[in-house]
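Chemist: Any chance you can model this:
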Amino acid sequence: MDEPMDHLVWVNSEPGPRRKISFDELWPRIGIHPHDVYRTWDAGFGARLTTTQLDALRAEARVWDIEADVPTRPAPYRRSTSADRVPGSYIVQMRPEADPAAAARQVGVAPTSIWRTAYFGFAANMTDVELDMVRQNPDVIWVGDDILVVGP
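Modeler: As a prediction, this is how the structure comes out:
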């Protein structure tokens, strides 16, 4: 069996109003286990893949690009188009085994929230430089703009 390597896979979304990608049906068909996936975003995922899995993904009509990942690639940044975006405030999702508080300290920011149960990561106010630094952390899955949510 060949040695798995890190790859990024871009997938076209389903047509229609949902426009979400269902990896739950794609991964088992290709033989990708969730523990091999280290990053997801709106249009794809990063995973440790074998040559056999890469060949199967290339045969999928919805897969439009695959490229080798490199350790220096920053985590995806999900910029909000919402009018409720909070400038300078970000949500950082991390791998479950990572330490969100340590990641925030590494960048020099004080988290406004830290999550370690169903969701792993933190929220913090950051400058553009700090945002770029946190995106370089290999334990960061993605970073997105924080938005103001008002309850009923």
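Chemist: quick one, what contacts residue 96?
Modeler: residue 120 (CB atoms under 8 Å, 6 or more residues apart in numbering). Quick note: C-beta positions are derived from backbone N, CA and C, even for glycine.
Chemist: mind redoing it with 10 Å?
Modeler: 116-121, 139, 141 (CB atoms under 10 Å, 6 or more residues apart in numbering).
Chemist: do residue 7 as well
Modeler: 44-50, 53-54, 57, 66-69.
Chemist: can you give me the helices in this protein?
Modeler: With DSSP state H, the ranges of helices along the chain come out as 23-30, 51-58, 100-107, 128-135.
Chemist: picking that back up, could you flag which of the contacts of residue 7 are buried?
Modeler: Buried members of the contacts of residue 7, scored by 16 or more other CB atoms under 10 Å, are 44-50, 53-54, 57, 66, 69.
Chemist: among those, which two are most distant?
Modeler: 44 and 50 (17.9 Å; CB to CB).
Chemist: coming back round to it: for the contacts of residue 96, which single residue is the most surrounded?
Modeler: residue 121 (27 neighbours; other CB atoms under 10 Å).
Chemist: Tell me the spacing between that residue and residue 69.
Modeler: Distance of residue 121 to residue 69, computed by CB to CB, to the nearest Å: 20 Å.
Chemist: now residue 44
Modeler: Residue 44 is 11 Å from residue 69, by CB to CB.
Chemist: which neighbours do those two share?
Modeler: In contact with both residue 44 and residue 69: 7-9, using CB under 10 Å, 6+ apart.
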